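Visitor: Build the 3D model from these lines:
(4 chains)
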Protein chains: 2
Amino acid sequence: METSTVSTAQRLMRAFMRLNRVAWHQNPIAGHTLSEIKVLFCVKHGARADSPGMKVSEISRILDVTSPTVTQLLKGLEEDGLVTRRIDRTDRRAVVITLTEKGDMVTKEAVGDFLASFERLIDYLGEEQSNQLADLLSKVFHYYDENGANVSHSLWRGVVEV
Amino acid sequence: METSTVSTAQRLMRAFMRLNRVAWHQNPIAGHTLSEIKVLFCVKHGARADSPGMKVSEISRILDVTSPTVTQLLKGLEEDGLVTRRIDRTDRRAVVITLTEKGDMVTKEAVGDFLASFERLIDYLGEEQSNQLADLLSKVFHYYDENGANVSHSLWRGVVEV
DNA sequence: TCTAAATTATTAGCTAATCTAAGTATATTC
DNA sequence: GAATATACTTAGATTAGCTAATAATTTAGA
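Guide: Down below sits the predicted model:
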């Protein structure tokens, strides 16, 4: 049991070590970075009929990055004419982001191409195993969400003096 | 089938989008970055009894990063006294990296703590599902290895003009 | 009601982890 | 022996984040 757990742990460790190197992580898409595309996705999907657009704070919460990070990404997107900023009428501190027509088109294309890319992966893995993988990854996230969960956590603090 | 494939694709897309944000990715370990630790792992495991130490080019190939990246990481590790550089006797262009005693200790601790961390995840997922996950991820890597495989690949080149 | 505290977003400046391009030194090949 | 190729380093850039400090506005409390 001990032995088998260790070797499973090794396999998982190796797998997770490789993950951040998987191809699409580093490639710009339609002249925009992956992070920028994520913001576009977020604005497109988060917006509701009654109040179109998303506040910076909402984007920040959903993407789980700080608001300065969102601000910085929006700067690029606004310069390229993909989003517009507007001060919220009911709370003048807040800024509401909406997609321009161009932004909407780019987002649609990006979603389409991402899905197409994952569909090719699904063709390779098969529908069933793909779903299994999605399930397992969800569980992993759930675990990390619940456990604050750094490798380092309690383990490493204070071990700086080796 | 089409519908179900799309929704599987969406699930996988969301999962992979979250992956690079999983906790341990960003945290320094024993005062060293994850990348530096990877180099240490690599030198420790790559070294063979007959020729201890690893060349920069070997590390570069194994970790799948460029040699300037390796050089830079080694700079930090050398400054902290974890590795030593030495010119290869049989090829004076090459540089052989070996762990110092301190480097060996740090590496051992890092391996131990990483494995411990993954064993906690395995406790949560269960042995069987953990192995399943490792298997599925291996398949994913295999797919991407075979297919050159960016999202963008043929799709995006030339689409910069939207 | 007016001040103190909280919230929202931005700016400035930092770090990590990569990359490419260019340069130097050494090997290899023809 | 000259041309080419290989191994590494340096310099400088990019992406994706972060924290700290600041400005503007809102909310709460006395």
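
Visitor: can you pull the pLDDT of the residue in chain A positioned nearest to DNA strand C?
Guide: In chain A, the residue that lies nearest DNA strand C is A:S57 (2.7 Å; C-beta to the nearest atom of the strand). All C-beta atoms are positioned from the backbone trio N, CA, C, and that covers glycine. With respect to pLDDT, A:S57 scores 97.

Visitor: Specify the local secondary structure of it.
Guide: Three-state assignment for A:S57 (DSSP: H, G, I helix; E, B strand; the rest coil): helix.

Visitor: Grab the nearest non-local neighbour of it.
Guide: Take A:S57 and drop its neighbours on the chain: the residue closest to it by C-beta to C-beta, 6 or more residues apart in numbering or on different chains is A:S67, 6.3 Å away.

Visitor: Now do that neighbour: how many residues are near it, please.
Guide: 13 (other C-beta atoms under 10 Å in any protein chain shown).

Visitor: mind checking how far it is from chain B?
Guide: The gap separating A:S67 from chain B is 16 Å, by C-beta to the nearest C-beta, to the nearest Å.

Visitor: Closest residue of chain A to DNA strand D?
Guide: A:T33 (2.6 Å).

Visitor: Need phi/psi at that residue.
Guide: phi -80, psi 160 (degrees, to the nearest 10).

Visitor: Can you give me every residue that contacts it?
Guide: Residues in contact with A:T33, defined by C-beta atoms under 8 Å, 6 or more residues apart in numbering or on different chains, are A:G76.

Visitor: how much space is there between A:A94 and chain B?
Guide: 25 Å.

Visitor: got the contact list for that residue?
Guide: A:A94 makes contact with A:55-57, A:87-88, according to C-beta under 8 Å, 6+ apart.

Visitor: quick one: which of the residues you listed is most hemmed in?
Guide: Of these, A:K55 is surrounded by the most neighbours, 19 neighbours in total, counting by other C-beta under 10 Å.

Visitor: Once you drop chain neighbours, what's closest to it?
Guide: Taking C-beta to C-beta, 6+ apart, and ignoring the residues beside it in sequence, A:K55 has A:A94 as its nearest neighbour in space, at 4.9 Å.

Visitor: Then A:T66?
Guide: Leaving aside its chain neighbours, A:T66 sits nearest to A:S60 (6.4 Å; criterion: C-beta to C-beta, 6+ apart).

Visitor: what helix or strand is that neighbour on?
Guide: Using DSSP states H and E, A:S60 maps to helix A:56-63.

Visitor: Now do the buried residues in the lengthiest helix in chain A.
Guide: Ranked by residue count and defined by DSSP state H, the top helix of chain A is helix A:101-125. Using 16 or more other C-beta atoms under 10 Å in any protein chain shown as the test for burial, helix A:101-125 gives A:103-104, A:106-107, A:109-111, A:113-115, A:117-122, A:124-125.

Visitor: near chain B, from those?
Guide: By C-beta under 8 Å from any C-beta of the partner chain, the members of the buried residues of helix A:101-125 lying near chain B are A:106, A:109, A:113-115, A:117-122, A:124-125.

Visitor: Any chance of JSON lines for those residues, columns distance to B:H142?
Guide: Shown next, in JSON lines, are these (distance: C-beta to C-beta, whole Å):
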{"residue": "A:V106", "distance to B:H142": "32"}
{"residue": "A:E109", "distance to B:H142": "28"}
{"residue": "A:D113", "distance to B:H142": "22"}
{"residue": "A:F114", "distance to B:H142": "21"}
{"residue": "A:L115", "distance to B:H142": "21"}
{"residue": "A:S117", "distance to B:H142": "16"}
{"residue": "A:F118", "distance to B:H142": "16"}
{"residue": "A:E119", "distance to B:H142": "18"}
{"residue": "A:R120", "distance to B:H142": "14"}
{"residue": "A:L121", "distance to B:H142": "11"}
{"residue": "A:I122", "distance to B:H142": "15"}
{"residue": "A:Y124", "distance to B:H142": "9"}
{"residue": "A:L125", "distance to B:H142": "10"}
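
Visitor: out of these, which one sits closest to A:Q10?
Guide: A:L125 (22.7 Å; C-beta to C-beta).
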